[in-house]
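Visitor: Dropping the sequence and predicted coords here.
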2 protein chains.
Amino acid sequence: MNAPESNVIISKDINRSINEICSDIPFDKLFIITDNNTERCCLPLIEDNDYVKDAIQISLPAGEENKNLDNVVKIWSRLTISGAKRNSLIINLGGGVISDIGGFAASCFKRGVRFINIPTTLLSQVDASAGGKTGFNFAGYKNEIGTFTMPEKVIISTDFLKTLEHRDFISGYAEMIKHALISDENYLAKIISFDLNHINYPKLSALIEESIKIKQHIVEQDPYEKSIRKVLNFGHTIGHAIESYSLEQSGPLLHGEAVALGLIGELYLSCKMINFPVGKYETIRNYILSVYNNLDCTNIEDRLVDLMLHDKKNTAESINFTLLKDVGVFKIDNFCDRDEIVEALTQC
Amino acid sequence: MNAPESNVIISKDINRSINEICSDIPFDKLFIITDNNTERCCLPLIEDNDYVKDAIQISLPAGEENKNLDNVVKIWSRLTISGAKRNSLIINLGGGVISDIGGFAASCFKRGVRFINIPTTLLSQVDASAGGKTGFNFAGYKNEIGTFTMPEKVIISTDFLKTLEHRDFISGYAEMIKHALISDENYLAKIISFDLNHINYPKLSALIEESIKIKQHIVEQDPYEKSIRKVLNFGHTIGHAIESYSLEQSGPLLHGEAVALGLIGELYLSCKMINFPVGKYETIRNYILSVYNNLDCTNIEDRLVDLMLHDKKNTAESINFTLLKDVGVFKIDNFCDRDEIVEALTQC
């Protein structure tokens, strides 16, 4: 990691923030990486900026399926052809795919050029913006190749969220619910009471800031995910299985929609295994099911458990979960067997 | 950088060193990366070792031209297919190409698995073993893509050097002459008096150890090559140009053969520009020309200067050199013009 964690700017004026940051970082050439969605919806908000209008643009096709080696090579080739040097600077303008792949390409080009992330989805603002993970999918595995490299700066602006579809918005919001569950009651109360149908953007901005701080605080203590950083996977063991299963179906769920259901399942396991308070569990479950569609797990429990067992972090017939004793109090390395998990899935 | 610099083991018994290191590092699977030369000449020295004989071997074609993305992908694919995990361990057995490419592949696989380098040429023992540089050639540029990542351990054994051709041996020795020039008179005296035609291996082992310590000491002060690490490029600006030129000819020079001539040229510039003692210069020049063939630079001076100007670190019509005021006393950022460099080339 080559930069401290305090590198996130909650911006009220995106163009002013870009000016301030770019004038602070000496660079010879500026590059901006977009995908075809952010080129259309997000770049217009900043394209008149003096720095951005002189930047060399590298545009990639949008979508998780494009987070691959071909597009890493495309970035490297464009950087080489355009004469990028160690002293060049890259802006990654996009969701998690762009910050992951752009950050990876930057972290290896000439053994590392500096980059700034401007995340443009709620999910990437609260999740991908902190933590320094970069990478791309390889040989069928998510993020199989990557580095831990901190961006110089991350600029968060809710202006980019105004063009998001509601489903994309609540998908990102699931990670904020998770951050609340692993941190404290006060933040959880604010998250639950926030009106998702009439979004107050200044209020949202403050909630995002708090969410990022929660993640940063955990990442700082365990940057390479050797112990407590695993709590950031809360809800994700069951969530990933539901997401993978849904991808095989006609109407796949978004990442956060699956994680929201995973949070219910893993909170239920928390009640059963380490006495998470049942009353709180029910409140949270009701809230989640008021925002997200549930999944009828009947007859697919075994398939979902099989998907969890195939997750690279698990072996044999029990699965390792990080669970909660209470809001903000977690315990790693809880091994749950198939029957316990199947029971939890009936709650989702 | 994820490990301290004091990670080099000067081994008297390579198999015992492997046993000690592998028993100290918990891992699930062991991989060993070789090229077809080291597979034939070096692997036999360790293939009966209990750890090595259970290791999964990944063999690459030998040669600088194979330090490319295709072979990085080959390593990543083999690691994935063989079920490598974050907790796996990789041994890179070979010269600089294998430690560079194997180290790079390891540094990005699942965001970083640990690796051990066993350099098998003199050049890689004294040069590539310390410093944490990994990488591969891309789009016609050397080491265009890479990371700074320290190996867990580097094991140095002169046993591997016994099968080296004399030319390969003295090619590596040029980097030791360079290390002597940038460090101290005592070490330089030992380097000059060492009998290259009747090699005393225990003595050589001690000289290699000292050479590595010189490099480590510099790298520790400037791991990302922002200032004084540049002194490690002493002799290399002219050396690289001679190497590139010779590659276009029928009988190309080895890297160290070109660097040895580069040392003469840059020592000459040191005399002219910042008063390196002329008597010492003549002693060193005579020594180098007693070991290495000189190059007739008549009529090719302009071509060589053009090659230097095309080096990515230089612009315009002057070239930035790190020069010596005396043995062990250096000054960065000396700008020499075409005429001065042409004069220096007549000495090589």
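Guide: Received the coordinates, thanks.

Visitor: buried sites along the one helix or strand residue A:264 maps to?
Guide: Per DSSP states H and E, residue A:264 falls inside helix A:255-274. By 16 or more other CB atoms under 10 Å in any protein chain shown, the buried positions in helix A:255-274 come out as A:255-271, A:273-274. No exception for glycine: its C-beta is placed from N, CA and C like everyone else's.

Visitor: Just say helix, strand or coil for the residue most central in space within chain A.
Guide: Central residue of chain A (CA atoms, centre = their mean): residue A:127, 3.1 Å from the mean position. Look at residue A:127: counting by DSSP: H, G, I helix; E, B strand; the rest coil, its state is helix.

Visitor: residues in the stretch 51-200 of chain A within reach of chain B, list them.
Guide: A:69, A:73, A:76-77, A:80-81, A:85, A:104, A:107-112, A:133, A:135, A:138-139, A:141, A:143-148 (CB under 8 Å from any CB of the partner chain).

Visitor: mind running it again at 6 Å?
Guide: Proximity of the stretch 51-200 of chain A to chain B, by CB under 6 Å from any CB of the partner chain, involves residues A:80, A:108, A:111, A:139, A:145, A:146, A:147, A:148.

Visitor: Now, those residues that are in strands?
Guide: Mapping these onto strands (DSSP state E) picks out residue A:145.

Visitor: Quick one, which of the residues of the stretch 51-200 of chain A next to chain B are buried?
Guide: Buried among these by 16+ other CB under 10 Å: A:80, A:108, A:111, A:145, A:146, A:147, A:148.

Visitor: gap between the helix or strand of chain A with the lowest mean pLDDT and the chain center?
Guide: Lowest mean confidence among the helices and strands of chain A (mean pLDDT, DSSP states H and E): helix A:301-310, at a mean of 85. Taking the mean of its C-alpha atoms, helix A:301-310 sits 23 Å from the chain's own mean (CA atoms, centre = their mean, to the nearest Å).

Visitor: Who are the packing partners of it?
Guide: helix A:236-247, helix A:338-345 (3 or more CB pairs under 6 Å, 6 or more residues apart in numbering or on different chains; DSSP states H and E).

Visitor: Kindly compare burial across those helices and name the winner.
Guide: Across the helices and strands packed on helix A:301-310, averaging neighbours per residue (mean count of other CB atoms under 10 Å in any protein chain shown) puts helix A:236-247 on top, at a mean of 22.

Visitor: Just list what that helix packs against, helices and strands only.
Guide: In this structure, helix A:236-247 packs against helix A:255-274, helix A:301-310, with contacts taken as 3+ CB pairs under 6 Å, 6+ apart.

Visitor: Mind listing residues that contact the first one?
Guide: Which is helix A:255-274. A:171-172, A:174, A:235-236, A:238-239, A:242-243, A:276, A:278, A:281, A:285, A:288, A:292, A:295, A:323-325, A:331, A:334, A:336, A:344-345, A:347-348 (CB atoms under 6 Å, 6 or more residues apart in numbering or on different chains).

Visitor: Dump that helix to CSV, restricted to CA.
Guide: The C-alpha coordinates for helix A:255-274 follow below in CSV (Å, rounded to 0.1, in the frame of the first residue of the first chain):
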residue,chain,number,x,y,z
HIS,A,255,-24.9,-8.0,-6.4
GLY,A,256,-26.4,-6.0,-3.6
GLU,A,257,-29.9,-7.5,-4.0
ALA,A,258,-28.3,-10.9,-3.4
VAL,A,259,-26.2,-9.5,-0.5
ALA,A,260,-29.2,-8.1,1.2
LEU,A,261,-30.7,-11.6,1.3
GLY,A,262,-27.4,-12.9,2.4
LEU,A,263,-27.4,-10.5,5.3
ILE,A,264,-30.8,-12.0,6.5
GLY,A,265,-29.4,-15.5,6.2
GLU,A,266,-26.2,-14.7,8.1
LEU,A,267,-28.0,-12.7,10.7
TYR,A,268,-30.2,-15.8,11.3
LEU,A,269,-27.1,-18.0,11.7
SER,A,270,-25.8,-15.3,14.1
CYS,A,271,-28.9,-15.8,16.2
LYS,A,272,-28.6,-19.6,16.2
MET,A,273,-24.9,-19.9,16.7
ILE,A,274,-23.8,-17.0,18.8
